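Novice: Quick check, what structure comes out for this input:
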Amino acid sequence: MRYTHSRRAGLVAAAAACSLVGATLVTAGTASALPITSITLLNINDFHGRIEKDKTVQVAGTIEKERADAGEANTLLLSAGDNIGASLFESAYADDKPTIDVLNALDLSASAVGNHELDKGITDLYGRVADAADFPYLAANIYLKGTATPVLNEYALRTVGGLTVGIIGAVTQETPALVTPSGIANLTFGDPVAAVNRVAGDLSDGNPANGEADIIVAEYHEGAGAGTVEGATLAQEVAAGGAFASIVAGTSAQVDVIFTGHTHKQYAWDAPVPGQSGKTRPIVQTGSYGENIGKVVLTVDGTDVTAAVASNVKRSTADPATLVATYPRVAEVKTLTDAAIAAAKTAGDVKVGSVTADITTAFAPNASGTPVRDDRASESTLGNLVADALQESLAATAAGADFGVVNPGGLRGELLYAPDGSITYSEANAVLPFVNNLWSTTLTGAQVKTMLEQQWQTNADGTVPSRPYLQLGLSKNVSYTYDAARAAGDRITSITINGKQVKATDEYRVGTFSFLATGGDNFRVFTSGKNTVDSGLVDRDAWVAYLKAHPGLAPSFARRAVAVSGNPSTAMVGSALSINVSKLDLTSLGSPKNTSLTATFTGGSLPPAGVALGTFPVTDGATTVKGAVPAAAAGATALTLEAAPSGTTVVLPLTGTAVSAVTVKGKLNKTGGSYGKPAKVSVTVTGATAAPSGKVEIREGSKVLVSKKLSVKGKVGTAKLTLPKLKVGSHKLTVYYPGSETTKAAKSSKLTYTVVKSVPSVKFRVSSHGRTVKVTTSATGVTPSGKVTVYRDGRALKTATLKKGKATVTVSKTSRGNHTYKVSYKGSSTVAARSATGRIRVS
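Specialist: Numbers count the residues shown, from 1 in each chain. Take a look at the predicted model:
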């Protein structure tokens, strides 16, 4: 039976505060005096305006069969949001009213707000959507900015078979990055789990003033990153962390059932209830587009849930006519659907363009290996084509555009090849259903790099969203390389626009959707653009005009982004290259597998055809470019890679350098010296075409005596080196430069340096009785060693060995009076002989 709730179902705007608060209590039938032992909760999520022949009726038929089986009074139909937005043309052409009418006909009892309900801003939700809906939209975590005041109903109460069921809604906290920021500028999006827990506490505190419920259901427009179709488990998804882990582990134990959405995944898991050992509760998401109906059957003893069984019921495949004849609500849905399709057909069937083959989003295999659309982490033929359309459309306006940028989530349909190649208005609209305006802004080269770096997603608070990577579509005049293994902010390794490498200070007019231009999808760099202009063009209208102007469009399989690692910025002639290249293949329908990659040195002083490095086999979109840099590549400024058959072209900045000759000169500050007195060598290394770098060495034969790093200015390197202690004699020295990547090794002419023995100082002292002689010797840079002999009055008395240049010698007695003492140092291999004489009075 139809629930009797008022028009707009409690969604009431408070104009001054811009808030909608409170809840709506609706009774399904007459409450039974006996305890209800079983109630059935049915749920949809991410329906996205799927008004289509047969399938919409079959969705309705699935719901009505479950209602009939469980009993009308014991069943509740709910939604986790995104009922509208990104819709098929049959709904989108009429601002999604056909979808809301269908949900009204199915007696949808309440729905969480999804991010797409806010595609056109909060005012649109208050007005157009609320005016059409007979059910309330719930969001406990959307607040008036700067306050804790919710702007929408946080919950709704429904009486089902004698039990009061409280439904709490919450939307993903990532919403500000997913919708046009200007439409929600006066709102704050809080933690959905904290909001649900706050309201669940109110509904369980025994205070009727803030609502009370026997059963509490949380409707989160947020979900797991993968589901059972992908082979995921609840434990894996919780371990992955993020918003879904918070929902599972953080939602209050007062909540009996959790429905989720947003990520378009499919699962029906029994999740542990926090703080209650051994107890579980259902957590469900249906996928999307009505492919399944979520179902939770609760067994209730009084007001205590004693059992819960969760499942996803596949959309019925029964004959629509049978379903219409069996269920009155289905008949009403059929009438509404047929009317919407007929009305859309008039406008939608008009041919606006043609294609020669499928042009699609990126496809990726699901767990069963079936390719499915909308892989937002991968580049696509459709995304790049739409970027081309944006660039061309905006370039013809005063707003201007050097290149176009498209976010992957903005593409909601495909251009599929029909037998005659025609593309209709409805098909074109399905690709871009959001009705954004086209904007232009000026970004510097550094900001363009930041834009590409922000494809690795972070929220404004630094957390990583449920889709951690979003691949931008780019117009055909843009390409770039990246290395995902590098640190965040340093992954983009080169960008080429209009055939030229982008410099940080360059400026470009960037054409895109108003959604991106205002920082949507976490591409916050756009908000720092200069001279931002709304062109006044609507994306759909510009897109349709582009299709009309370019009949017979063919998909381009040339990628804009290619993964490259191991590529140097300079390469010397003769040096070996080993560059890893991957992500050469697209995954859009019809994309060919590349089989080869040709590498050619280009630019600079090279001829237009460049200098070939070689052609390399490609397997699974990857190859390694290897080879020695040919002599003819000297003067190149780039290495251009072209894949076949896709035509993907990558321009790597790479300077090819010849090995420069160098001249090495050395100059001694003296041609000789005594042992221990160091000499200095001034060195100059001059490059002919390239600057020297690294160290120079002083060698004697093959032995390195000393080395030092060059100080380089221009093409000249200089150094001053101090020679070590060299043996006494003549030495032939050479200054040797080992070379570098860009310069040859070279050596100077011979330098001759002669070392002579050091001249020592010899001193002595004689004791008063004449028997003890203390000898001290010294020399610059060396301590004398060897023997000294003491003489008295011409006669040798005794010889002693120096220790650390000193010796104490005891000699025989002598008579009193004056005597002549002499100390004779015999010399060593490094110190010359030397004597000292003195007249000493002995007493």
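
Novice: What sits closest to Ile341 if chain neighbours are left out?
Specialist: For Ile341, ignoring the flanking residues on the chain, the nearest one in space by CB to CB, 6 or more residues apart in numbering is Glu90 at 5.2 Å. C-betas here are computed from N, CA, C, even on glycine.

Novice: what pLDDT does that neighbour get?
Specialist: Note for Glu90: predicted pLDDT of 90.

Novice: Counting by contacts, list what the one helix or strand it maps to packs against.
Specialist: According to DSSP states H and E, Glu90 maps onto helix 89-92. With contacts defined as 3 or more CB pairs under 8 Å, 6 or more residues apart in numbering; DSSP states H and E, the secondary structure elements packing on helix 89-92 are helix 97-105, helix 328-348, helix 425-431.

Novice: Give me the distance from the helix or strand following the last one to the chain's centre.
Specialist: This points to helix 425-431. Per DSSP H and E, helix 425-431 leads on to strand 437-444 as the next helix or strand towards the C-terminus. With CA atoms, centre = their mean, to the nearest Å as the basis, strand 437-444 stands 22 Å off its chain's centre.

Novice: Tell me the strands beside strand 437-444, with direction?
Specialist: If you go by DSSP bridges, strand 437-444 pairs up with strand 507-513 (antiparallel), strand 530-538 (antiparallel).

Novice: Toward the C-terminus from it, list the very next helix or strand.
Specialist: Per DSSP H and E, the helix or strand that comes after strand 437-444 is helix 445-453.

Novice: got the helices and strands packed on helix 89-92 as a markdown table, with distance to Ala307 columns?
Specialist: Listed next are the helices and strands packed on helix 89-92 as a markdown table, based on distance: least, CB to CB, whole Å:
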| stretch | distance to Ala307 |
| --- | --- |
| helix 97-105 | 29 |
| helix 328-348 | 28 |
| helix 425-431 | 43 |
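
Novice: Dump the ones you listed into JSON lines; add mean pLDDT, mean neighbour count and distance to Leu710 as well.
Specialist: As requested, the helices and strands packed on helix 89-92 are arranged in JSON lines below (pLDDT from 0 to 100; neighbours: other CB atoms under 10 Å; distance: least, CB to CB, whole Å):
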{"stretch": "helix 97-105", "mean pLDDT": "99", "mean neighbour count": "23", "distance to Leu710": "74"}
{"stretch": "helix 328-348", "mean pLDDT": "94", "mean neighbour count": "18", "distance to Leu710": "74"}
{"stretch": "helix 425-431", "mean pLDDT": "92", "mean neighbour count": "23", "distance to Leu710": "61"}
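
Novice: quick one, which of those helices is nearest to Glu379?
Specialist: helix 425-431 (16.2 Å; CB to CB).

Novice: Relative to the whole chain's centre, how far out is that closest one?
Specialist: The gap between where helix 425-431 is centred and where its chain is centred comes out at 31 Å by CA atoms, centre = their mean.

Novice: What lies in contact with that helix?
Specialist: By CB atoms under 8 Å, 6 or more residues apart in numbering, the residues outside helix 425-431 that reach it are 88-90, 92-93, 344-345, 347-353, 382, 386, 411-416, 540, 543-544, 547.

Novice: can you rerun that using 6 Å?
Specialist: Contact with helix 425-431 is made by Phe89, Ala347, Gly348, Val350, Val352, Leu411, Gly413, Arg540, Val544, Leu547, as judged by CB atoms under 6 Å, 6 or more residues apart in numbering.

Novice: Sort out for me which of the residues you listed are in strands.
Specialist: Val352 (DSSP state E).

Novice: which one in the contacts of helix 425-431 is the model shakiest on?
Specialist: On pLDDT alone, Ala347 ranks lowest of the contacts of helix 425-431, at 81.

Novice: Just want the most central residue of the chain.
Specialist: Most central in the chain under CA atoms, centre = their mean is Trp456, positioned 2.0 Å from the mean C-alpha point.

Novice: Okay, Ala362 and Glu414: tell me how far apart.
Specialist: According to CB to CB, to the nearest Å, Ala362 and Glu414 sit 11 Å apart.

Novice: same thing with Leu103?
Specialist: Distance from Leu103 to Glu414, by CB to CB: 26 Å.

Novice: Pick the most buried one from the strands paired with strand 437-444.
Specialist: Neighbour counts (mean count of other CB atoms under 10 Å) averaged over each of those peak at strand 507-513, with a mean of 25.

Novice: got the angle between that strand and helix 445-453?
Specialist: Following axes from the mean of the first three to the mean of the last three CA atoms, to 10 degrees, one obtains 30 degrees for the angle between strand 507-513 and helix 445-453.

Novice: Only C-alpha atoms, please: export strand 507-513 in CSV.
Specialist: What follows is strand 507-513 as a C-alpha-only set of coordinates in CSV (Å, rounded to 0.1, in the frame of the first residue of the first chain):
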residue,chain,number,x,y,z
GLU,A,507,51.3,30.3,-19.5
TYR,A,508,48.4,28.4,-21.1
ARG,A,509,44.6,29.0,-21.4
VAL,A,510,43.0,25.8,-20.2
GLY,A,511,39.5,25.0,-21.3
THR,A,512,37.4,22.7,-19.1
PHE,A,513,34.0,22.2,-17.3
